[in-house]
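Chemist: take this sequence and fold it.
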Amino acid sequence: MLIERIQSQLRASAAAAYAATAIPPFTCYVNPDDPSPGYNYAIPDAALAGDPGRALDDLAEFYRGRGRAPRFEFLEAYAPGLSPALEKRGYRLEMRSYLMICTRADVVPLPPVAGVSVRTLSAASPLADFQALMTVQSRSFGAADAPAASAEVAENFRRRFAASTLFVAEMDGEIVSGGAFTPPADGVTEVVGIATLPGFRGRGIAGLLTSQITRHAFGQGVELAFLTAGDAAAGRVYGRVGFQAAGFGCAWILE
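Modeler: Here you go, the predicted structure:
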């Protein structure tokens with residue numbers, strides 16, 4: 001039941017941000033503003049019995065016809081037969097992440113970090129704040145010298161993810177870290193995009209930010225928060241906030 005609730009929230013969150021097209025037993029999500037793989041992916045709608053066969057062929061044609069690489073994101077325990085079927089068709093395991101969950105009773109309020117303040121962004125926040133947040137994420141998840149986000153890209157981001165609650169952490173007036181929680185569905189939300197500029201890591205900023213995001217979500221009535229940690233080191237940071245291991249998430253891509 002827990003895995004089903006989390007998987008359902010993943011579908012609801014994607015539907016709130018992207019265009020959705022059903023190719024049963026999957027739903028394909030497309031970001032018209034950005035062809036990047038992380039913004040374009042399919043999610044299984046049900047646990048699979050056997051090889052989905054023709055549906056995978058139709059899905060690959062769908063994404064390629066829109067200039068995107070066919071890609072899947074899902075929880076391993078929800079569709080255990082899907083990974084072997086994807087590997088058989090030449091998909092590459094792009095990422096296997098640690099699924100972690102946290103309840104209101106588990107979350108830990110971490111102490112302040114000297115010189116760091118955390119705040120939320122709203123539709124009325126300056127566009128420069130969204131540019132800074134996107135720049136932090138691109139330099140955290142990609143190259144440290146990635147170019148700053150343009151005003152056009154930031155405006156598209158602000159519009160498309162308006163339903164998410166965005167946070168930034170500042171030090172000496174500079175946005176150095178950011179993250180969000182997605183629109184809750186059935187009392188469940190995902191904490192996403194926790195990123196800190198390389199030069200500011202190891203100071204407790206990511207933990208502080210995650211703690212405040214999670215506590216804010218619970219204050220809005222959320223019952224369960226989850227996230228996926230890219231590696232064991234990130235998992236330890238989230239563990240200090242109160243998140244506990246609950247399985248694995250994965251992403252498969254056909255290049």
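Chemist: any idea which element Arg11 lies in?
Modeler: In the assignment (DSSP states H and E), Arg11 maps to helix 2-17.
Chemist: quick one: the next helix or strand after that helix to chain centroid distance?
Modeler: Tracing the chain past helix 2-17, the next element assigned as helix or strand by DSSP H and E is strand 19-23. The chain centre lies 19 Å from the centre of strand 19-23; the measure is C-alpha atoms, centre = their mean, to the nearest Å.
Chemist: mind listing what's buried along strand 19-23?
Modeler: Ile23 (16 or more other C-beta atoms under 10 Å). Placement of C-beta: from N, CA and C, glycine included.
Chemist: other SSEs contacting it?
Modeler: Secondary structure elements in contact with strand 19-23, counted by 3 or more C-beta pairs under 8 Å, 6 or more residues apart in numbering; DSSP states H and E, are strand 26-30, helix 54-64.
Chemist: let me have these in TSV, extended by distance to Ala124, mean neighbour count and mean pLDDT.
Modeler: TSV is the format used below for the helices and strands packed on strand 19-23 (distance: least, C-beta to C-beta, whole Å; neighbours: other C-beta atoms under 10 Å; pLDDT from 0 to 100):
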stretch	distance to Ala124	mean neighbour count	mean pLDDT
strand 26-30	28	22	98
helix 54-64	36	16	97
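Chemist: now the strands for the stretch 1-150 of the chain?
Modeler: Under the criterion DSSP state E, counting those that start in this stretch, the stretch 1-150 of the chain carries strands at the ranges 19-23, 26-30, 41-44, 71-75, 92-103, 116-121.
Chemist: wait, which of those strands is closest to Ile6?
Modeler: Proximity to Ile6 (C-beta to C-beta) singles out strand 71-75 among those, at 6.4 Å.
Chemist: ok so, going back, out of the helices and strands packed on strand 19-23, flag the one nearest Gly173.
Modeler: Judging these by C-beta to C-beta, what sits closest to Gly173 is strand 26-30, at 36.3 Å.
Chemist: ok so, going back, can you redo the helices and strands packed on strand 19-23 as a markdown table with distance to Pro109?
Modeler: As requested, those are exported to a markdown table (distance: least, C-beta to C-beta, whole Å):
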| stretch | distance to Pro109 |
| --- | --- |
| strand 26-30 | 34 |
| helix 54-64 | 42 |
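Chemist: relative to Gly242, which of the ones you listed is closest?
Modeler: Closest to Gly242 of the helices and strands packed on strand 19-23, according to C-beta to C-beta: strand 26-30, at 29.7 Å.
Chemist: who's in contact with the closest one?
Modeler: Applying C-beta atoms under 8 Å, 6 or more residues apart in numbering, the external contacts of strand 26-30 come out as 11, 14-15, 17-22, 40-45, 52, 55, 59, 62-63, 66, 68, 72.
Chemist: can you rerun that using 6 Å?
Modeler: Residues from elsewhere that reach strand 26-30 (C-beta atoms under 6 Å, 6 or more residues apart in numbering): 14, 18-21, 40, 42-45, 59, 62, 66.
Chemist: turn the residues you listed into a markdown table, including distance to Asp186.
Modeler: A markdown table is the format used below for those (distance: C-beta to C-beta, whole Å):
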| residue | distance to Asp186 |
| --- | --- |
| Ala14 | 15 |
| Tyr18 | 20 |
| Ala19 | 23 |
| Ala20 | 18 |
| Thr21 | 23 |
| Asn40 | 25 |
| Ala42 | 21 |
| Ile43 | 16 |
| Pro44 | 18 |
| Asp45 | 16 |
| Leu59 | 26 |
| Phe62 | 28 |
| Arg66 | 30 |
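Chemist: and the closest residue in space to Glu223 that isn't next to it in sequence, how far from Gln212?
Modeler: In space, Glu223 comes closest to Gly187 once its chain neighbours are excluded; the distance is 3.6 Å by C-beta to C-beta, 6 or more residues apart in numbering. As judged by C-beta to C-beta, to the nearest Å, Gly187 and Gln212 stand 20 Å apart.
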